[in-house]
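Trainee: starting from these lines, generate the structure:
(2 chains)
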Amino acid sequence: MTGSLDAGEEPEIHALLHDAVDTVGASDDLFDRVRLGAARRRHSRIAGGALVVAAAVGIGVGGALALNHPGTTSQALPATSGPLVCPAALPADTQMPSGHAGTDRTLVPGTPIKAVVCAYDVNRPSYPNPMTSSFLSSQPLTGTALQAVVSTLQGATSPYPISCPLAERYYAIYLEFRYAQGPDVAVTFSVQCPAYWNGTIFREFAGPVMIPPTLADLVPKGR
Amino acid sequence: MTTFRGPRADPSGFEEYIAARRDTLVRAAYLMAGDLHQAEDLVQTALIRVWPRWERISGTTDVDAYVQRVLYTVFITSVRRRRWRELPSDPLDRDRPEPAAAPGATSAEARMDLLVSLRALPPRRRAVIVLRYFLDLPEAETADILGCSVGTVKSQSSKAIKQLRAGAAKAPAQGGEDGAT
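Mentor: The predicted model follows:
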């Protein structure tokens, strides 16, 4: 660092501050996490930019209206087809924007018709070792249980400015929502981080509640 | 199923910069935030913001000043956005082991007193102390990072030191035999 303490000016403060943190150090995987965070940030901006461009060139008045209404789903992109199944490994770190309208404003826009909940045991060792995850369990979500989870996630409205997690091992939940129209939307969160991520935005719940009870019920017990 | 792709190539020299500066940055963030988890988060967030601009700023004369400015901005933003996390009366992260004393260092009580007193300062005043007396920045550079005048840095610094001294003066009455700093 540049500069120096002015001669005779509070040297004891200087010494105490340095003593106080002399043994504090950064995690070995800091660069790894910064690189992943930068990729997420870039993807968010690409997604936001793509939506703006799409609106600007005018896919159509209806499409523009859909983009401006978080409760509507995409009319331009087809619904995801095929079975709704869990990925073999947690895709959180490389999750891309879904392209579903409204995902730049709320974690789960509109009204999905069904979902799948996937639980993973994540191992994030120090850099340069890559994150690994083991699939633990899956469960379908429909009806009132689905509505409760969607409603809860739509209540996470506070932007989350910090990237995490920091723990080496933790449980993570990946939810994939299927719509009648428009592509699937995936949301991931972990048990020790306030951030909820849908590939485009990070959100957290206001107040000291990290995981509301509705979502906590989806997490395997034990970690 | 959602589609995925990997991150693009790393900017040249950024990994080396992080390797060289990460401990200093986390220590500065720890002094500002009072919590090691949050300090790592702050540094990580700051560096993520620097990443896309690295090619441009790495050619400038004072990369550190740029990174420190971003770190300070992230810190102040986090305080505003996450004020509920600042409310608990426990001034330090008790779940993490306290930093061990280095050989010949001041006593654990003195360090604790300083950290507690530092944590009691308003965030901006805390940042002034960290920038001036931990990162050893001149007043003008501190003022530039904080976006204020040199006079404000002087007054904030003076008030902060008075508060720290007042906190240290109270310490012996609380029973620590090495409480005086």
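Trainee: what bits of chain B have low per-residue confidence?
Mentor: B:1-10, B:61, B:81-111, B:168-181 (pLDDT under 70).
Trainee: sec struct for the closest residue to A:Pro78 other than its chain neighbours, please.
Mentor: Computed as CB to CB, 6 or more residues apart in numbering or on different chains, the closest residue to A:Pro78 that is not its neighbour in sequence is A:Pro183, at 7.4 Å. For the C-beta atoms, the positions are set from N, CA and C on the backbone; glycine is no exception. The three-state label given to A:Pro183 by DSSP: H, G, I helix; E, B strand; the rest coil is coil.
Trainee: and if you look at the one 5 residues further on?
Mentor: A:Thr188 falls in the strand class when you classify it by three-state DSSP.
Trainee: specify the beta-bridge partners of it.
Mentor: Using DSSP bridges, the beta-bridge partners of A:Thr188 come out as A:Tyr174, A:Trp197.
Trainee: and the residue nearest the centre of chain A?
Mentor: A:Trp197 (1.5 Å; CA atoms, centre = their mean).
Trainee: what pLDDT does that residue get?
Mentor: The model reports A:Trp197 with a pLDDT of 86.
Trainee: my understanding was that it contacts A:Ser190; is that so?
Mentor: No. With contact defined as CB atoms under 8 Å, A:Trp197 does not reach A:Ser190; the gap is 9.7 Å.
Trainee: and the strands in chain B?
Mentor: Remark: strands of chain B are absent; assignment by DSSP state E.
Trainee: how about the helices in it?
Mentor: With helices called from DSSP state H, chain B shows them at B:14-33, B:36-50, B:54-57, B:63-81, B:83-86, B:108-120, B:123-129, B:139-146, B:150-170.
Trainee: on contacts alone, who are the packing partners of the last one?
Mentor: Using 3 or more CB pairs under 8 Å, 6 or more residues apart in numbering or on different chains; DSSP states H and E as the contact test, the elements touching helix B:150-170 are helix B:108-120, helix B:123-129, helix B:139-146.
Trainee: show me the contact partners of stretch B:154-166.
Mentor: A:10, A:13, B:114, B:117-118, B:120-121, B:124-126, B:128-129, B:132, B:139 (CB atoms under 8 Å, 6 or more residues apart in numbering or on different chains).
Trainee: just among those, which is most surrounded?
Mentor: B:Val128 (30 neighbours; other CB atoms under 10 Å in any protein chain shown).
Trainee: once you drop chain neighbours, what's closest to it?
Mentor: B:Gln156 (4.6 Å).
Trainee: and A:Pro194, by the same measure?
Mentor: Closest to A:Pro194 by CB to CB, 6+ apart is A:Glu204, at 4.1 Å.
Trainee: ok, now which ones touch that neighbour?
Mentor: Taking CB under 8 Å, 6+ apart, one finds A:156, A:158-160, A:194-196, A:210 in contact with A:Glu204.
Trainee: how about a cut-off of 6 Å?
Mentor: By CB atoms under 6 Å, 6 or more residues apart in numbering or on different chains, the contact list for A:Glu204 reads A:158, A:160, A:194.
Trainee: tell me which of those residues has the lowest pLDDT.
Mentor: A:Tyr160 (70).
Trainee: who are the neighbours in contact with that residue?
Mentor: Neighbouring residues of A:Tyr160 by CB under 6 Å, 6+ apart: A:195, A:202-204.
Trainee: which single one of those residues is nearest to A:Tyr179?
Mentor: Nearest to A:Tyr179 out of those is A:Arg203 (CB to CB; 19.3 Å).
Trainee: isn't the closest one right next to A:Ala156, touching?
Mentor: Yes. With contact defined as CB atoms under 6 Å, A:Arg203 counts as touching A:Ala156 (4.1 Å).
Trainee: who has more neighbours out of these two?
Mentor: Comparing A:Arg203 with A:Ala156 by other CB under 10 Å, the one with more neighbours is A:Ala156, at 26 against 23.
Trainee: re the thing from before, state the phi and psi torsions of the residue nearest to A:Pro194.
Mentor: phi -140, psi 170 (degrees, to the nearest 10).
Trainee: ok, what's across the strand from it?
Mentor: A:Ser158.
Trainee: what do you get for A:Ser134?
Mentor: Residues in beta-bridge contact with A:Ser134 (DSSP bridges): A:Asp121.
Trainee: ditto for the one 5 residues further on
Mentor: The residues paired with A:Gln139 through beta bridges, assigned by DSSP bridges, are A:Val117.
Trainee: can you confirm A:Leu16 is in a helix?
Mentor: Yes. Under three-state DSSP, A:Leu16 sits within a helix.
Trainee: what about it, how many residues nearby?
Mentor: So A:Leu16, with other CB under 10 Å, has 25 neighbours.
Trainee: what touches both of A:Arg203 and A:Ala156?
Mentor: With CB under 6 Å, 6+ apart as the test, A:Arg203 and A:Ala156 both reach A:107, A:196.
Trainee: so which residues of chain A form strands?
Mentor: A:114-123, A:132-141, A:158-159, A:169-178, A:185-190, A:196-197, A:202-204.
Trainee: and the fifth one, what does it pack onto?
Mentor: This points to strand A:185-190. strand A:169-178 (3 or more CB pairs under 6 Å, 6 or more residues apart in numbering or on different chains; DSSP states H and E).
Trainee: the strand it packs on packs against which elements?
Mentor: strand A:114-123, strand A:185-190.
Trainee: buried residues, that strand. List them.
Mentor: A:170-178 (16 or more other CB atoms under 10 Å in any protein chain shown).
Trainee: which part of chain A gets nearest to chain B, residue-wise?
Mentor: A:Ala39 (3.3 Å; CB to the nearest CB).
Trainee: can you report how many residues lie near that residue?
Mentor: For A:Ala39, using other CB under 10 Å, the count is 19.
Trainee: low-confidence stretches in chain A?
Mentor: Residues of chain A that meet the cut-off, pLDDT under 70, sit at A:1-9, A:40-76, A:92-95, A:125-130, A:161-167, A:222-223.
Trainee: OK, contacts around the closest residue to B:Thr152 other than its chain neighbours?
Mentor: Leaving aside its chain neighbours, B:Thr152 sits nearest to B:Ala143 (6.9 Å; criterion: CB to CB, 6+ apart). Neighbour list for B:Ala143: B:149-150, B:153 [criterion: CB under 6 Å, 6+ apart].
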